[in-house]
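Visitor: Build me a structure from this.
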Amino acid sequence: CAARANLNAAQVRFERTNNLFKQGFIAAQDVDDARAQAESARGQVRVAQQAGAAARAEVARANAQRAAAQAQVVVAQRETQGAIATAEADVRAARASLESALANRAQKPANRRNLEALQASVRAAQGQLNQAEAQRANTVLTTPIDGVVTARSADPGTLAQPGTAVLTVQSIKRMFVEASYPVELSSQIQPGATANVTFDAVPNRKFVGRIADLNRAADPSSRQFTVRVLLENPNEVLRPGMFGRVRIVTGRKLPSVTIPLIALSETQDGPATVSVVGKDDSVEVRPVEVGIRDEDSVEILSGVKAGERVVTTRGRDLRDGANVRVTSPNAQPGQGRRRRSP
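Guide: Purely as a prediction, here's the structure:
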């Protein structure tokens, strides 16, 4: 543990300091300081050991309580099964006596009073059986939906209180993803629109859903709107609580010039720039005006013309006028391409 490591380091430091003192290289105060640090570290180890012993005792006590509670559950289940078996036997015996009395009713009218008593016995036995079966039903938890348990509010053996949730069950065949979007896009996002969602926990896979709900009121602190995207999850790959990224197409445009997003250099202090390679393979760093973008490319409204070459490698942050050498044999000048806005 950390306390033990600190003690070992303090002990080594004390021994080294003590040896230097014996050789006359340091003062006695340094030895006293090192000894005090070692004693302090030793005290921390004792405290950590006591805390560990207390934690282990607490775990043992909790395990004992859990085992006792589980034993009580087993006993209760056995008692309930025994009560049901006894009640069923009583019902069978009462019905047999009733059937015998019914068969003899025509021969002996005096058996009518006995017949009424036997009928009452059957009803009483049936009531005891119904009560025992109701008690057994209380030992089994049922849910009206298919799903997975996402939360447990009580441990096995704990007495459940009326109105208190024991388990939380969620259906994951269909999942909702909540995302926020800025106020300037509020008029461009509508219910029913298609949304692409990716998850860090499910790499290299894209899920397509639709916008099921929009909150038309912005959050007062972030000034963002909330959208809910419905995803079908038949194979239950997705789980509640996963982090995802939602992309929604808000418009389409045919830009005249697009460049790879990696070629764009942006800072908070100045305009965005692009390193353009001229015919003489020299670099010209130009300020540019950018338009819409997606995850791969960005539209250039001004600053770069179609057909010009731009630097897209790690060395794109070059000084103006630097000479470069194109190493890719398939390098092609940029050209306008159809892109969609996020």
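Visitor: Which of the three states applies to Y181?
Guide: State at Y181, reduced to three classes by DSSP: H, G, I helix; E, B strand; the rest coil: strand.
Visitor: shouldn't it be in contact with V227?
Guide: Yes. At 6.1 Å, Y181 counts as touching V227 under the criterion of Cβ atoms under 8 Å. Every C-beta, even on glycine, is put in place using the N, C-alpha and C of the backbone.
Visitor: Check the contact lists of the two and give me the overlap.
Guide: Common contact partners of Y181 and V227 (Cβ atoms under 8 Å, 6 or more residues apart in numbering): 189, 248.
Visitor: neighbour count winner among the two?
Guide: Using other Cβ atoms under 10 Å, the more surrounded residue of Y181 and V227 is V227, with 23 against 19.
Visitor: For the more buried one, give the beta-bridge partners.
Guide: Beta-bridge pairing for V227 (DSSP bridges): A179, L214.
Visitor: how near is T143 to V324?
Guide: Using Cβ to Cβ, to the nearest Å, we find T143 at a distance of 65 Å from V324.
Visitor: between the two, which one's more packed in?
Guide: For T143 versus V324, neighbours defined as other Cβ under 10 Å are more numerous around V324 (17 against 11).
Visitor: State the phi and psi torsions of the more buried one.
Guide: Main-chain dihedrals, V324, degrees, to the nearest 10: phi -130, psi 160.
Visitor: how about the strands of the stretch 51-200 of the chain, start to end?
Guide: Counting by DSSP state E, counting those that start in this stretch, the stretch 51-200 of the chain has strands at residues 148-152, 167-170, 174-182, 194-199.
Visitor: mind checking how far the first one is from the chain centre?
Guide: Spelled out, that is strand 148-152. How far strand 148-152 lies from its chain's middle: 12 Å, per Cα atoms, centre = their mean, to the nearest Å.
Visitor: likewise the shortest one?
Guide: Distance of strand 167-170 from the chain centroid (Cα atoms, centre = their mean) equals 15 Å.
Visitor: Show residues contacting that strand.
Guide: Here strand 167-170 makes contact (Cβ under 8 Å, 6+ apart) with 141, 143, 145, 147-153, 240.
Visitor: one more time with 7 Å
Guide: The contact list for strand 167-170 (Cβ atoms under 7 Å, 6 or more residues apart in numbering) reads 141, 143, 145, 147-152, 240.
Visitor: any idea how far T150 lies from T267?
Guide: Separation of T150 from T267 (Cβ to Cβ) stands at 44 Å.
Visitor: Of these two, which one has the most company?
Guide: Per other Cβ under 10 Å, whichever of T150 and T267 has more neighbours is T150, with 13 against 8.
Visitor: contacting residues for that one?
Guide: Residues in contact with T150 (Cβ under 7 Å, 6+ apart) are 168, 170, 240.
Visitor: what's the neighbour count on the second one?
Guide: What that stands for is Q170. Neighbours of Q170 under the rule other Cβ under 10 Å: 13.
Visitor: and what of the first one?
Guide: For T168, the tally of surrounding residues (other Cβ under 10 Å) stands at 14.
Visitor: where does the spatially closest residue to T17 that is not a sequence neighbour land on pLDDT?
Guide: Among residues not flanking T17 along the chain, A34 sits closest, at 4.1 Å (Cβ to Cβ, 6 or more residues apart in numbering). Note for A34: predicted pLDDT of 82.
Visitor: ditto for E289
Guide: 91.
Visitor: That one contacts V298, correct?
Guide: No. When contacts are counted by Cβ atoms under 7 Å, E289 is not listed as touching V298 (10.8 Å).
Visitor: These two: who's more crowded?
Guide: Higher neighbour count among E289 and V298: V298, with 23 against 12, using other Cβ under 10 Å.
Visitor: I'd like the distance between the nearest residue to P156 once chain neighbours are set aside and I145.
Guide: In space, and not counting its chain neighbours, P156 is closest to Q70: 5.8 Å by Cβ to Cβ, 6+ apart. Using Cβ to Cβ, one gets 28 Å for the distance from Q70 to I145.
Visitor: of these two, who's got more company?
Guide: When neighbours are counted by other Cβ under 10 Å, Q70 and I145 differ, and Q70 comes out ahead with 13 against 8.
Visitor: got the residue ranges for the strands in the stretch 201-342 of the chain?
Guide: 202-215, 224-232, 244-248, 251-253, 258-260, 264-265, 273-277, 283-287, 289-293, 297-302, 309-310, 339-341.
Visitor: Quick one: closest of the ones you listed to E88.
Guide: Closest of the strands of the stretch 201-342 of the chain to E88 is strand 224-232, at 46.9 Å (criterion: Cβ to Cβ).
Visitor: Which strands and helices lie in contact with that closest one?
Guide: Packing partners of strand 224-232 (3 or more Cβ pairs under 7 Å, 6 or more residues apart in numbering; DSSP states H and E): strand 174-182, strand 194-199, strand 202-215.
Visitor: got CSV for those strands, with mean pLDDT too?
Guide: Below are the helices and strands packed on strand 224-232 laid out as CSV (pLDDT from 0 to 100):
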stretch, mean pLDDT
strand 174-182, 88
strand 194-199, 91
strand 202-215, 89
